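K.L.:
sequence and predicted model, in that order:
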Amino acid sequence: MCTIPPAPPPPPPAPFCPEVQSPSKSPSNPKPDTSTSKLKYLDVCEWATNRPELWEACAKHDVCHYQAPFYYKYTEFPSILQVGPTCGLVALSMIINNEVTPEEMLNIAKMEGYTNNGEMFSCKNMIELTKKVFNLAEINVRFSLQCGGLFSKMTIERLLNGAALLVPYDADFNHSPCLKRGHKAHWALVCGIIIVNDPGENFDDIDNVYVLCKHGKSRYLAAWKLYDLEMSNKNLFEFSPQREGDGLMYILPEGGVGGENGLQDQFLMFEGF
């Protein structure tokens with residue numbers, strides 16, 4: 001006679017993670033997507049199963065698969081796909097929940113002489129555009145231009161307190177940070193941070209700090225090492241020779257992409273959401 005074995009005991013609860021709560025509302029369906037393409041990830045990142053977008057990013061990018069991070073902060077922003085070379089405008093629109101659309105920003109940026117096609121090769125121009133967009137949308141968020149210090153204790157602590165960043169970098173074929181001397185310049189929105197292990201008094205371990213990012217060429221959240229993003233940001237030396245021959249007219253800042261009016265080793269910080 002067949003007997004049915006007793007059901008296995010329930011799995012232990014997910015480890016506690018001292019996350020600072022983001023201002024965004026939690027999704028109505030807290031369970032991760034169980035579509036066939038994602039089933040192989042379902043046994044990892046149990047600590048993030050109540051945040052599907054975060055869970056998927058960490059599962060795919062091999063971050064904290066089997067133990068909760070020491071600390072993390074993640075603020076949800078909408079995903080917006082870019083049309084043409086409008087990655088910076090799209091990233092800025094994400095920050096304000098699309099209250100001013102990339103198309104509207106493009107019209108403003110053209111009138112101000114910052115761009116022809118949507119390209120933004122100057123962080124200083126991006127700051128000026130932000131002022132106009134925030135005034136239009138009546139957004140009350142502090143913002144500033146930062147020169148250097150992307151991978152620094154100051155920046156990390158501000159991210160842990162809920163800051164967001166707009167960071168220009170070189171995008172590889174999978175849109176992750178790479179070193180192409182600025183030839184693949186792209187903009188990313190940094191909307192979260194993960195500290196894998198206890199950092200002690202400093203944050204000097206380059207393998208211990210990840211940032212959660214969105215950009216205009218994907219609907220999905222990404223998780224990259226902050227150090228890799230900083231190295232890519234510092235590597236923006238010159239305008240792409242390939243773009244010079246694509247038939248479009250681009251507006252470049254005085255001194256070029258790698259000058260003080262360009263992108264190299266600069267980023268925008270937003271605080272007070």
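P.N.:
Looks like it came in fine.
K.L.:
ends of stretch 209-222, how far apart?
P.N.:
End-to-end span of stretch 209-222 (CA to CA, to the nearest Å): 14 Å.
K.L.:
wait, stretch 176-189
P.N.:
Terminal-residue distance, stretch 176-189 (CA to CA): 13 Å.
K.L.:
list the buried residues of that stretch.
P.N.:
For stretch 176-189, a neighbour-count test (16 or more other CB atoms under 10 Å) marks 176-180, 182-189 as buried. (Each C-beta comes from the backbone N, C-alpha and C, glycine too.)
K.L.:
take those and keep only those in strands.
P.N.:
177-178, 185-189 (DSSP state E).
K.L.:
who are the neighbours in contact with the residue most central in space within the chain?
P.N.:
The centre of the chain sits closest to C213, judged by CA atoms, centre = their mean, with a distance of 2.1 Å. Residues near C213 by CB atoms under 8 Å, 6 or more residues apart in numbering: 188-191, 221-224, 229.
K.L.:
quick one: the helix or strand harbouring M126 to chain centroid distance?
P.N.:
Applying DSSP states H and E as the criterion places M126 in helix 123-137. In terms of CA atoms, centre = their mean, to the nearest Å, the centre of helix 123-137 is found 19 Å from the chain centre.
K.L.:
other residues contacting that helix?
P.N.:
88, 92, 96, 99-100, 105, 108-109, 112, 114-115, 120, 139, 141, 143-145, 166, 168, 253, 261-263, 266-268.
K.L.:
give me the buried subset of the residues you listed.
P.N.:
Buried among the contacts of helix 123-137 by 16+ other CB under 10 Å: 88, 92, 96, 100, 105, 108-109, 114-115, 120, 139, 143, 166, 168, 253, 261-263, 266-268.
K.L.:
so which of those residues are in helices?
P.N.:
Among the buried ones among the contacts of helix 123-137, the members falling in helices (DSSP state H) are 88, 92, 105, 108-109.
K.L.:
can you tell me which two in those residues are farthest apart?
P.N.:
Farthest-apart pair in those is G88 and I108; separation 12.6 Å (CB to CB).
K.L.:
buried stuff in stretch 48-63?
P.N.:
Those would be 48-49, 51-61, 63, for stretch 48-63 by 16+ other CB under 10 Å.
K.L.:
over to stretch 192-211?
P.N.:
Residues of stretch 192-211 classed as buried by neighbour count (16+ other CB under 10 Å): 192-196, 199, 203, 208-211.
K.L.:
and what of stretch 90-106?
P.N.:
90-96, 100, 102, 104-106.
K.L.:
can you show me the strands along the stretch 1-150 of the chain?
P.N.:
71-74, 142-147 (DSSP state E, counting those that start in this stretch).
K.L.:
any idea which of those strands is most buried?
P.N.:
strand 71-74 (a mean of 21; mean count of other CB atoms under 10 Å).
K.L.:
which strands and helices sit next to that one?
P.N.:
helix 153-160, strand 185-195 (3 or more CB pairs under 8 Å, 6 or more residues apart in numbering; DSSP states H and E).
K.L.:
which of those sits closest to G272?
P.N.:
Using CB to CB, the nearest of the helices and strands packed on strand 71-74 to G272 is helix 153-160, at 10.8 Å.
K.L.:
give me the contact list for that closest one.
P.N.:
Residues contacting helix 153-160 (CB under 8 Å, 6+ apart): 20, 71, 73, 146, 149, 165, 190, 192-193, 195, 202-203, 209, 211, 226, 269, 271.
K.L.:
let's see 6 Å
P.N.:
73, 149, 193, 203 (CB atoms under 6 Å, 6 or more residues apart in numbering).
K.L.:
out of the residues you listed, which is nearest to G247?
P.N.:
Using CB to CB, those come closest to G247 at G149, 37.8 Å.
K.L.:
leaving out chain neighbours, which residue sits closest to the closest one?
P.N.:
Of all residues not flanking G149 in the chain, T155 sits nearest, at 5.7 Å (CB to CB, 6 or more residues apart in numbering).
K.L.:
verify the stated contact: D228 with P177.
P.N.:
Yes. Between D228 and P177 there is a contact under CB atoms under 6 Å: 4.5 Å.
K.L.:
could you export the helix or strand of the chain with the lowest mean pLDDT as CSV, CA atoms only?
P.N.:
The helix or strand of the chain with the lowest confidence, counting by mean pLDDT, DSSP states H and E, is helix 241-244 at a mean of 83. Coordinates of each C-alpha in helix 241-244 appear next as CSV, following Å, rounded to 0.1, in the frame of the first residue of the first chain:
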residue,chain,number,x,y,z
PRO,A,241,34.2,59.7,-33.5
GLN,A,242,31.4,57.5,-34.7
ARG,A,243,28.8,60.1,-33.7
GLU,A,244,30.8,62.7,-35.6
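K.L.:
thank you, goodbye.
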